[in-house]
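Participant: Below are the sequence and a predicted model; questions follow.
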Amino acid sequence: MGVAETALAAGFSSFIDKYNPEREKLWIVERFGKIVGSVAIVEKSKKIAQLRWLLVEPEARGLGLGHRLVQEAVAFSSEKRYRQIVLWSVKCLHKARRLYKEAGFELIKVKRNNSWGSDLVEEYWSKELY
């Protein structure tokens, strides 16, 4: 397993261990019996939610699933009275960046990082809810 996969597995394991159904949620999209998408809201603090694991398989892209997943995550965060949603991404994920912008997220920080085994440009996004 590579560095990115290890970090993803550790984050997901932590989510499962500390899962709070009153404040957190994971959405899974299935199409023809196969998982093709996901997103989660994780409680970063009482006022801040973190959007994580927005994934849409290539064969399911262009169907509006990413847009719908982000909408669901934002609506859930509002319902749970979070004041802000934050997320981490990388610059090369152009379609995800467009989804975040369309959903009202603002790019708040950009940082170069090569600790993932390649030179990536990390992006930190935020959306104020109240």
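Facilitator: It's in. Numbering: from 1, shown residues only.

Participant: Dig out what the residue positioned nearest the centre of the chain forms beta bridges with.
Facilitator: What sits nearest the mean C-alpha location of the chain, by Cα atoms, centre = their mean, is Arg52, with 2.7 Å. Note on Arg52: beta-bridge partners Ala40, judged by DSSP bridges.

Participant: and if you look at the one 4 residues further on?
Facilitator: The residues paired with Val56 through beta bridges, assigned by DSSP bridges, are Gly37.

Participant: and it, what does it touch?
Facilitator: 29, 36-37, 65-66, 69 (Cβ atoms under 8 Å, 6 or more residues apart in numbering). Just so you know, the C-beta spots here come from the backbone N, C-alpha and C atoms, and that holds for glycine as well.

Participant: any chance you could map the helices in this protein?
Facilitator: With helices called from DSSP state H, the chain shows them at 3-18, 65-79, 94-102.
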